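Visitor: need a structure here:
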Amino acid sequence: MNTYLQIHPKDNVLVALQDLPAGQQIQFNGSTIQLKQNVPAKHKFPLKPLNPGDPVLMYGVLVGKAVTAIQEGEPITVKNLQHDASAFHEKDGSMEWLRPDVSRWQGKTFSGYHREDGQVGTRNYWLVIPMVFCENRNVGVIKTAFEKGLGFAPTEVYNEQVADLVNLYKSGNLDAIKDYKAEEAAKTAKRHPVFPNIDGVKFLIHEGGCGGTRQDSDALCALLAGYIHHPNVAGATVLSLGCQHAQVSILQASLKKLNPNFSKPVLVYEQQTSGSEFNMLSNAIKDTFLALVEANKLERRPAPLSKVVIGLECGGSDGFSGISANPAIGHTSDLLVALGGTTILSEFPELCGVEQELINRCEDDTTADKFITIMRAYESQAQMVGSGFHMNPSPGNIKDGLITDAIKSAGAAKKGGTSPVRDVLDYTEYVTKPGLNLLCTPGNDVESTSAEVGSGASVVLFTTGLGTPTGNPIAPVVKLSTNSRLAQRMPDIIDIDTGSIISGQKTIEQMGEDILDYVVKVASGEIRTKAEELHQDDFIPWKRGVSL
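Guide: Next up, the predicted model:
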């Protein structure tokens, strides 16, 4: 295994692939570099001495500048490096795409749920949605009733543990409580025999719908419409208070905008006109049950891989993200695009410094100009509240080698592979063009994942170096570790370990191919992801405005 890596020939730093001790001599391009201090795995050190103001290059792009003198072989830290990134401008070139060989997948299909509008789902869910946070408790009542009544509820292993402890306490056996060791229950897919073709009833709890700006309520309605329109959804039950900003009429208009011939069942109940909570919930439960009877009639059928829409996401990133997992799913993206499929790359604050490359990858000037406009508006909005993209890296990112936002961004952009950018979408816009799409979202992984699914992603590939359990209510989220230590430490959340790229056992291309094969099995319902097994149904709408 190599102990260090130069990611791009232009880079003036090396990345430690394992912990390197002070005093170790590094041989690189005929020169010898002696490490001045310990360099932890995932961190960087310069090839030559750097003076204050000198640029630092990684992935072939500017990722920061030295703020103090940095000796060759001295680790780069937040104390000697600060964020810097190249400016971007209008499209001034184009990039020729070398399509990958996809002959082994030609004619291959997945087994999915075909919708009337031509979309094909990887799951078949019924949604229950509150228009405003005031209805969250009522949604919770329906959730308990349906999950327990239809057998979709998680195994109540922790309830059983408390019951055991209560029995020991009642018997006066406190010592036994101290020595008590719980046994992990086997996680098996639950499917009620009454509805074998329904994967579950899902609930989009949120804290919005009123109190913020009207623009936030409109965006929430557009996001909820994207979920109802989604191919993984058979229909929805909607609970409204009545007086909130997020009116049902706005949701209905958003659905018609997505599809003028929208025909899925949407059951609406308004509490302020229902007479009583009991009447509203009883009617909602009865009508939803009847709708599930109809939804259960849909069965999986073969569909071409071009009908798969993959979201490309990361969270809890580390210094290996841009070397292993991110470029691996980037190759998966290229493979799917070459097969006529669709991918979505989001998290605009984590594209800082690589904008010009993406601009030049846009298929036309109109698409490029839209990307420029959205990026500049977003950065300006962040600066107006005293922040900026440079403040994106979290303490965990920094500790594991992502010292600046530009370093993080240059690695994060690798998730998008090398294919042309077919379209640029603002938040809540739905994908309509096959190929790589750029979607404006925050860098927050749950907000971004929620948005990717709301824009049509039917499977999400989610890379992590530190470990995050993120999932989604309606789309399977495949979790990929950037390093094998994480996969071994948190096996209950990791689906695929890409650490073999770091160890040199597999190439990025080989791993990307393996991931596509895995996606086909997930899309067909043959594999349930770890997030699905854990019932990790994370959903956070992006609140862009102030609260009024």
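Visitor: stretch 422-431: end-to-end distance?
Guide: 10 Å (Cα to Cα, to the nearest Å).
Visitor: correction: stretch 311-323
Guide: Per Cα to Cα, stretch 311-323 runs 19 Å from first to last residue.
Visitor: when you give positions from now on, start the count at 98
Guide: Sure, I'll start counting at 98 from here, so that last one is stretch 408-420.
Visitor: for the record, mean pLDDT for it?
Guide: When pLDDT is averaged over stretch 408-420, the result is 95.
Visitor: which residues of this protein score low on pLDDT?
Guide: The chain contains residues with pLDDT under 70 at 98, 282-290, 643-645.
Visitor: quick one: contacts for residue 478?
Guide: residue 641 (Cβ atoms under 8 Å, 6 or more residues apart in numbering). Where you see a C-beta, it was placed from the backbone N, CA and C, and this is true even at glycine.
Visitor: swap in 10 Å and give it another go.
Guide: 484, 641, 642 (Cβ atoms under 10 Å, 6 or more residues apart in numbering).
Visitor: next: residue 326.
Guide: 212, 214, 216, 333, 351-352, 354-356, 359, 361, 527, 551, 553.
Visitor: re earlier: just send the contacts of residue 478 back as JSON lines, with secondary structure and neighbour count too.
Guide: Formatted as JSON lines, these follow (DSSP: H, G, I helix; E, B strand; the rest coil; neighbours: other Cβ atoms under 10 Å):
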{"residue": "484", "secondary structure": "coil", "neighbour count": "13"}
{"residue": "641", "secondary structure": "coil", "neighbour count": "15"}
{"residue": "642", "secondary structure": "coil", "neighbour count": "13"}
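Visitor: re the thing from before, okay, the contacts of residue 326 in CSV with secondary structure next?
Guide: Converted to CSV, these look like this (DSSP: H, G, I helix; E, B strand; the rest coil):
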residue, secondary structure
212, coil
214, coil
216, coil
333, strand
351, helix
352, helix
354, helix
355, helix
356, coil
359, coil
361, coil
527, coil
551, helix
553, coil
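Visitor: hmm, back to that, ok, the contacts of residue 478 vs residue 163, which is closest?
Guide: The shortest gap between residue 163 and any of the contacts of residue 478 belongs to residue 484, at 23.8 Å (Cβ to Cβ).
Visitor: quick one, phi/psi of the closest one?
Guide: phi -120, psi -160 (degrees, to the nearest 10).
Visitor: okay, it and residue 270: tell me how far apart.
Guide: 55 Å (Cβ to Cβ, to the nearest Å).
Visitor: likewise residue 121?
Guide: 56 Å.
Visitor: and if you look at residue 417?
Guide: Taken as Cβ to Cβ, the span from residue 417 to residue 270 is 48 Å.
Visitor: more crowded one of those two?
Guide: Ranked by neighbour count (other Cβ atoms under 10 Å), residue 417 and residue 270 place residue 417 first, with 28 against 13.
Visitor: give the contact list for the closest residue to the more buried one other than its chain neighbours.
Guide: Nearest-residue entry for residue 417: residue 579, 4.2 Å, with adjacent residues in sequence omitted and distances by Cβ to Cβ, 6 or more residues apart in numbering. With contact set as Cβ under 10 Å, 6+ apart, residue 579 has these partners: 139, 411, 413-423, 425, 497, 508, 560-563, 594-596, 598-599.
Visitor: at 8 Å instead, please
Guide: Taking Cβ under 8 Å, 6+ apart, one finds 414-415, 417-418, 420-423, 560-562, 595-596, 599 in contact with residue 579.
Visitor: do residue 465 as well
Guide: By Cβ under 8 Å, 6+ apart, the residues touching residue 465 are 187, 188, 456, 457, 459.
Visitor: in which helix or strand does the nearest residue to the last one once chain neighbours are set aside reside?
Guide: I take that to be residue 459. The shortest distance from residue 459 to any non-neighbouring residue, by Cβ to Cβ, 6+ apart, is to residue 465 (3.9 Å). Using DSSP states H and E, residue 465 falls within helix 462-481.
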